[in-house]
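Peer 1: give me the fold of what follows.
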Amino acid sequence: MKLQQLRYLVEVAKQGLNVSEAAEKLHTSQPGISKQIRLLEDELGIQVFIRNGKRVVSVSEPGKEVLRISERILREAQNLKRVGEEFSRESEGALTIATTHTQARYALPQAIAEFVRRYPKVRLSLKQGSPTQICEMVVSGEADLAIATEGISLYKELAMLPCYEWNRSVVVPAGHPLAELKHPISLADIAQYPIVTYDFAFAGRSKINKAFADLGLNANVVLTAIDTDVIKTYVSLGLGVGIIASMAFEPERDRHLVAIDASHLFEPSTTKIGIRKDAYLRGFAYTFIELFAPHLHRREVDSALLAHDVDLDE
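Peer 2: Okay, the predicted model is just below:
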């Protein structure tokens, strides 16, 4: 039994049972993958994949367990490699962060700039996506850390570390009636206008919907986007009033807009870091976490991961 055979198994499953796509992803040949998988099946004495002619059509019941164990073995093999690198190349390696546009654009730049200054030989990669996509990246091993507000708690494979709380502002063009209010803005005030805000999967959108629903108000959302800059662009064009993360308003860059604090209208949201419970973190990964969330020292991170290990053992 070879690790390469396990990689072939897992990649075929990941590519929707398409052996050709798995071969392309792994830079090898389709016949080579098929041959190695059959050799492994012969050694195990079971059929992992069910075939119709030469085409793989499904995973057998014992095959599902084989895939689950194979994924775990491959993760542990990667952890072993990281242990070696930690002691032989302490300040070199790679760190991949999966996050949303809002976090990448407004929350992460300072931490990333300082990290790059401290670790010039570490290859830092940012992958963007929806909360679901970035969590899947960490679960599958494509990324080391997920940073998002939504979604992480839905994945049992991930340990969750709270980073910071944030809330929202309403943005309108200069001269808009909402900018001239003599009283603190209310949801009823906002509900009089079309709304431009985040897509439902992003940036605490569920709390925006809940706030309006709790007061029996109809939020007339005419446009949603995953990118705060897109929201601000369409607000500037007069399409509606924007509801955005307060951190995403930059007075110098957004001089044509007015931000109105709305933190009294919505429940605060918490940005979190998600890490695979069975991951081995390099030393520089702990440094990055602390740069982003100063209260999350190595001790706190290890305690969270250890607590999850105990849960798994039980």
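Peer 1: so what are the domain limits for the protein?
Peer 2: 3-85, 91-163+270-307, 168-267 (the TED database).
Peer 1: can you redo those as JSON lines with mean neighbour count and mean pLDDT?
Peer 2: The way it works is simple: take the backbone N, C-alpha and C, and place the C-beta from them, glycine included. What follows is those, written out as JSON lines (neighbours: other CB atoms under 10 Å; pLDDT from 0 to 100):
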{"stretch": "domain 3-85", "mean neighbour count": "15", "mean pLDDT": "87"}
{"stretch": "domain 91-163+270-307", "mean neighbour count": "18", "mean pLDDT": "92"}
{"stretch": "domain 168-267", "mean neighbour count": "17", "mean pLDDT": "92"}
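Peer 1: mind listing what Pro194 touches?
Peer 2: By CB atoms under 8 Å, 6 or more residues apart in numbering, Pro194 lies in contact with Asn220, Val221, Val222, Leu239, Gly240, Val241.
Peer 1: pick the one among these closest to Ser70.
Peer 2: Val221 (44.0 Å; CB to CB).
Peer 1: quick one: terminal-to-terminal distance for stretch 156-176?
Peer 2: 46 Å (CA to CA, to the nearest Å).
Peer 1: when you give positions from now on, start the count at 14
Peer 2: Fine by me, first position is 14 from now on; the one you just mentioned is stretch 169-189.
Peer 1: for the residue nearest the centre of the chain, which non-adjacent residue is closest in space?
Peer 2: Central residue of the chain (CA atoms, centre = their mean): Ile147, 2.8 Å from the mean position. Nearest-residue entry for Ile147: Ala111, 3.6 Å, with adjacent residues in sequence omitted and distances by CB to CB, 6 or more residues apart in numbering.
Peer 1: which residues does Leu121 contact?
Peer 2: Ile110, Thr112, Leu139, Ile160, Phe305.
Peer 1: would you format these as CSV with secondary structure included?
Peer 2: What follows is the contacts of Leu121, written out as CSV (DSSP: H, G, I helix; E, B strand; the rest coil):
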residue, secondary structure
Ile110, strand
Thr112, strand
Leu139, strand
Ile160, strand
Phe305, helix
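Peer 1: quick one: name whatever helix or strand follows the helix or strand encompassing Ile221.
Peer 2: Assigned by DSSP states H and E, Ile221 belongs to helix 218-227. Once helix 218-227 ends, the next helix or strand along the chain (criterion: DSSP H and E) is strand 234-238.
Peer 1: name the helices or strands packed onto the helix or strand that that following strand is followed by?
Peer 2: Counting by DSSP H and E, the next helix or strand C-terminal to strand 234-238 is helix 241-249. Judged by 3 or more CB pairs under 8 Å, 6 or more residues apart in numbering; DSSP states H and E, helix 241-249 is in contact with strand 181-186, strand 208-211, strand 234-238, strand 254-258, strand 270-274.
Peer 1: one step back: what does the residue nearest to Ile147 show for phi and psi?
Peer 2: phi -100, psi 130 (degrees, to the nearest 10).
Peer 1: I figured it hits Ile165, correct?
Peer 2: No. Applying CB atoms under 8 Å as the test, Ala111 and Ile165 come out as separate, 10.7 Å apart.
Peer 1: joint contacts of the two?
Peer 2: With CB under 8 Å, 6+ apart, Ala111 and Ile165 have common neighbours Cys148, Ala159.
Peer 1: quick one, strands of the stretch 64-213 of the chain?
Peer 2: In the stretch 64-213 of the chain, the segments counted as strands under DSSP state E, counting those that start in this stretch are 68-72, 106-112, 135-141, 158-161, 171-179, 181-186, 208-211.
Peer 1: Ser33 is nearest to which of these?
Peer 2: strand 68-72 (10.4 Å).
Peer 1: partner strands of the closest one, with direction?
Peer 2: strand 62-65 (antiparallel) (DSSP bridges).
Peer 1: okay, Gln272 and Leu228: tell me how far apart.
Peer 2: Quick fix: residue 272 is Ala, not Gln. As judged by CB to CB, to the nearest Å, Ala272 and Leu228 stand 22 Å apart.
Peer 1: hmm, I was thinking of Arg312
Peer 2: Arg312 is 43 Å from Leu228, by CB to CB.
Peer 1: cool, Val184 as well?
Peer 2: Counting by CB to CB, the gap from Val184 to Leu228 is 21 Å.
Peer 1: over to Asp212?
Peer 2: 23 Å.
Peer 1: now swap in Leu57 and tell me
Peer 2: Distance from Leu57 to Leu228, by CB to CB: 60 Å.
Peer 1: likewise Thr210?
Peer 2: 17 Å.
Peer 1: and Ile160, by the same measure?
Peer 2: 32 Å.
Peer 1: doesn't Phe305 make contact with Glu127?
Peer 2: No. If you go by CB under 8 Å, Glu127 and Phe305 don't touch, sitting 9.6 Å apart.
Peer 1: could you list every helix and strand in contact with the longest helix along the chain?
Peer 2: The residue-count maximum for a helix in the chain (DSSP state H) belongs to helix 74-101. Here helix 74-101 touches helix 16-27, going by 3+ CB pairs under 8 Å, 6+ apart.
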